[in-house]
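Participant: sequence first, predicted model second:
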Amino acid sequence: MKRKFRLYFMLGLCSLSLIACGKKEEEEVEDTVDTTEQVAFDDVEVEDYTVLSYSELEVLAYEDDTDAQVMLGRMLEYGTEDVKQDFAEAISWYQMASDSGNVDGTCALGYFYLTGTGVEQDLEKAEELFDAAIEGGSDNAYVGKARVIMASLPEAFFADESDEDIDITDTEESEEVEISTEDEEKAEEAYDYIYKAQIAGDIDGTYYLGYAYEHGIGITQDYKKAFDYYSRVTKSDSTDLADQYAINLANTAVGLLYVEGNGVEADTEKAIEYFTAASDNGYAKASYYLGQIYENGLDVDRDYEKAMEYYLIAADADYAPALNQIGYMYYNGFGVDVDFASAVYYQKLAALQGYAIAQVNLGFLYENGYGVERNLETALSYYEMAADSGYEGAMEAVVRVKAQINEEM
């Protein structure tokens, strides 16, 4: 039996995408070139910016080296062991590089406007930036252009997509939705752009070609081809930060195909291998999926402690579903002592990110006085937040709590 891997947890009610635009041969550097000042002022040609420290890159960047500016943007966008993630600062460096004609900087800016990360989402601005980057010779900008088009497609194209949750209990088939000819043409256009990027050797393009085949965007849905393209990305040895993100996405996508048995024989052990590769490389969603597998005993022994371990790894990256799930485990005492106060704490961290499931859970906690003083007004506020985002069942809770408030007036 085919099982969908998308879990939703709701306390007391029910059990509950920046990719920017290679690795060059290292050059031998004379022993005398070992300080930031010498790198900047001895006019040394840099062939591999990845070996330079943040401080060295900064000096070069202020000397109008646009490649250094882009590298700084990368480090700030994705975060490293030594550099804290800072989208605003990343955008600033990318803008500086773009203003000087660097197409990678222009392409990177496009992704921020596409996703609304660090700036207000503006698809027209994103498309304008991607078009400029394409004209300047950026292969990755083709992917950005395709993603702008995909952002305008109806949800029917992505009906099988699980963005953040795994449900192994939902075995119902997705409802067939008629798609217009215009949307089909848009999807085909998006596919064409992705194909151009993949043919050019862009890793991001290869990932999204797998994505197009998995979801049938502009092409007949084919899980085996999706698996093939995703697998190509997982084998990449690129150290570029943007490519590393694409590799994490691909490992996670392959893991989900193994969980669901799409294009391959279902194999949880294989799925764990791929999720672990992405988790070990710092991808929070993969850590969360590992937690889901062990919490629910998906073809493995149920292990709440191991599940909590992976949820905490994801929580370190402020991943809202993991924060919510930690709260759920504290509420139920799964692998930990029942602790309503901790449940409230973690649910709040997730709810502050606009995560509707956590907002509903918080509403339930305040409605019933678990871990907090009972407060129907606060409960109503959280339920309304979730309802405003279209979360199913939240409006029923809104009506119920309003009735309670009226009765107690």
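Facilitator: Received it, and whenever you're ready, just let me know what you need.
Participant: moving C-terminal of the strand or helix carrying residue 307, what's the next helix or strand?
Facilitator: For residue 307, the element it lies in under DSSP states H and E is helix 304-315. Next along the chain after helix 304-315, taking DSSP H and E as the criterion, comes helix 320-332.
Participant: show me the shaky parts of the protein.
Facilitator: Residue ranges of the chain with pLDDT under 70: 1-44, 159-177.
Participant: swap in 50 and give it another go.
Facilitator: The chain contains residues with pLDDT under 50 at 1-20, 22-41, 162-164, 167-174.
Participant: hang on, residue 122 packs against residue 113?
Facilitator: Yes. With contact defined as CB atoms under 8 Å, residue 122 reaches residue 113; the gap is 4.7 Å. All C-beta atoms are positioned from the backbone trio N, CA, C, and that covers glycine.
Participant: neighbour-wise, which of the two wins?
Facilitator: Neighbour count, other CB atoms under 10 Å: between residue 122 and residue 113, residue 113 has more, with 24 against 14.
Participant: surely the more buried one meets residue 106?
Facilitator: No. Counting by CB under 8 Å, residue 113 does not reach residue 106; the two are 11.0 Å apart.
Participant: who touches both of these two?
Facilitator: Common contacts of residue 113 and residue 106 (CB atoms under 8 Å, 6 or more residues apart in numbering): residue 129.
Participant: can you give me the helices in the stretch 51-200 of the chain?
Facilitator: Taking DSSP state H, counting those that start in this stretch, the helices of the stretch 51-200 of the chain run over residues 54-62, 66-78, 87-99, 103-115, 123-135, 140-151, 181-199.
Participant: adding distance to residue 338, write these out as CSV.
Facilitator: Below are those laid out as CSV (distance: least, CB to CB, whole Å):
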stretch, distance to residue 338
helix 54-62, 45
helix 66-78, 38
helix 87-99, 37
helix 103-115, 38
helix 123-135, 46
helix 140-151, 42
helix 181-199, 48
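Participant: so which of these gets nearest residue 308?
Facilitator: Closest approach to residue 308 among those is made by helix 66-78 (26.3 Å; CB to CB).
Participant: just give me the neighbour total for the residue lying closest to residue 49 once chain neighbours are set aside.
Facilitator: Counting by CB to CB, 6 or more residues apart in numbering, residue 49 lies nearest to residue 71, which is 4.4 Å off, once chain neighbours are set aside. Number of residues near residue 71 (other CB under 10 Å) recorded here: 24.
Participant: what's the answer for residue 277, then?
Facilitator: Neighbours of residue 277 (other CB under 10 Å): 19.
Participant: was I right to think it contacts residue 233?
Facilitator: No. The pair residue 277 and residue 233 fails to qualify as a contact (CB under 8 Å) at a distance of 11.5 Å.
Participant: gap between residue 125 and residue 112?
Facilitator: Per CB to CB, to the nearest Å, residue 125 is found 9 Å from residue 112.
Participant: neighbour-wise, which of those two wins?
Facilitator: Shown here are residue 125 and residue 112; by other CB under 10 Å, residue 112 has more neighbours (25 against 17).
Participant: check contacts around the more buried one.
Facilitator: Taking CB under 8 Å, 6+ apart as the test, what residue 112 contacts is 18, 87, 90, 91, 94, 118, 119.
Participant: residue 266: which of the residues you listed is nearest?
Facilitator: residue 18 (31.2 Å).
Participant: all helices for the stretch 201-350 of the chain, in order.
Facilitator: With DSSP H, counting those that start in this stretch as the criterion, the stretch 201-350 of the chain has helices at 203-215, 223-234, 241-260, 268-280, 284-296, 304-315, 320-332, 340-351.
Participant: using CSV, write out every CA atom in the third one.
Facilitator: What follows is the C-alpha trace of helix 241-260 in CSV, where atoms were taken according to Å, rounded to 0.1, in the frame of the first residue of the first chain:
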residue,chain,number,x,y,z
LEU,A,241,27.7,27.1,-0.7
ALA,A,242,24.8,27.5,-3.1
ASP,A,243,25.6,24.1,-4.7
GLN,A,244,25.8,22.5,-1.2
TYR,A,245,22.2,23.7,-0.6
ALA,A,246,21.1,22.1,-3.8
ILE,A,247,22.8,18.9,-2.8
ASN,A,248,21.0,19.0,0.6
LEU,A,249,17.7,19.5,-1.3
ALA,A,250,18.4,16.6,-3.6
ASN,A,251,19.4,14.2,-0.8
THR,A,252,16.2,15.1,1.0
ALA,A,253,14.1,14.6,-2.2
VAL,A,254,15.7,11.2,-2.8
GLY,A,255,15.0,10.3,0.8
LEU,A,256,11.3,11.1,0.4
LEU,A,257,11.1,9.1,-2.8
TYR,A,258,12.4,6.1,-0.9
VAL,A,259,9.9,6.7,1.9
GLU,A,260,7.0,6.9,-0.5
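Participant: now the nearest residue to residue 141 once chain neighbours are set aside: how far from residue 124?
Facilitator: Leaving aside its sequence neighbours, residue 141 sits nearest to residue 133 (CB to CB, 6+ apart; 3.6 Å). According to CB to CB, residue 133 and residue 124 sit 15 Å apart.
Participant: the more surrounded of the two?
Facilitator: Neighbour tally, residue 133 and residue 124, criterion other CB under 10 Å: the higher count belongs to residue 133, 27 against 9.
Participant: is it true that that one touches residue 111?
Facilitator: No. With contact defined as CB under 8 Å, residue 133 does not reach residue 111; the gap is 10.3 Å.
Participant: and the helix or strand where residue 385 lies, what does it pack onto?
Facilitator: Per DSSP H and E, residue 385 falls inside helix 376-388. The contact analysis (3 or more CB pairs under 8 Å, 6 or more residues apart in numbering; DSSP states H and E) places helix 376-388 against helix 356-368, helix 394-408.
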